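K.L.:
only geometry, no sequence info:
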């Protein structure tokens, strides 16, 4: 069916992300940058790139928005799979194009162990939407 596309940040940002430039606070980096953990991506690769909050943003928040996705139906379900490393709180919201508000659909807060984890979110929306 319908693919939301795949992104590993190796050459650029995802096509799925909202703009060609990041919102302030996000940087594209790898584990070899002298910023601190994580020191590799989810597969253990030290030179592989991922998105990270910049050091001066550690106590504040920053947002990433996707492009507009088409409505889902029985044949076209949107599944978003992602790897994350949380040192604060990560929230995923859904904004349907008929609504002004962003609805929280998933969140996780810092856990005791610092490690990469994976999650898959299935999204159903009868309207065009952004995440």
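P.N.:
Sure thing, it's come through. Small disclaimer: the values here were computed from a predicted structure and weren't measured.
K.L.:
any weak-confidence spans in this protein?
P.N.:
1-5, 15-16, 18-23, 112 (pLDDT under 70).
K.L.:
what segments of it are strands?
P.N.:
For the chain, the strands defined by DSSP state E occupy 26-30, 49-53, 78-84, 89-96, 103-109, 117-123, 129-130.
K.L.:
angle of the longest one against strand 117-123?
P.N.:
In terms of direction (axes from the mean of the first three to the mean of the last three Cα atoms, to 10 degrees), strand 89-96 departs from strand 117-123 by 20 degrees.
K.L.:
from here on, call the first residue 699.
P.N.:
Let's use 699 as the start, then, which means that last one is strand 787-794.
K.L.:
and for strand 787-794, what are the contacting residues?
P.N.:
778, 782, 799-808, 819, 821, 823, 825-829 (Cβ atoms under 8 Å, 6 or more residues apart in numbering). C-betas here are computed from N, CA, C, even on glycine.
K.L.:
may I see the strands of the chain arranged in JSON lines, with distance to residue 737 and mean neighbour count as well?
P.N.:
Below are the strands of the chain laid out as JSON lines (distance: least, Cβ to Cβ, whole Å; neighbours: other Cβ atoms under 10 Å):
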{"stretch": "strand 724-728", "distance to residue 737": "9", "mean neighbour count": "17"}
{"stretch": "strand 747-751", "distance to residue 737": "11", "mean neighbour count": "19"}
{"stretch": "strand 776-782", "distance to residue 737": "15", "mean neighbour count": "14"}
{"stretch": "strand 787-794", "distance to residue 737": "19", "mean neighbour count": "16"}
{"stretch": "strand 801-807", "distance to residue 737": "21", "mean neighbour count": "12"}
{"stretch": "strand 815-821", "distance to residue 737": "16", "mean neighbour count": "12"}
{"stretch": "strand 827-828", "distance to residue 737": "32", "mean neighbour count": "20"}
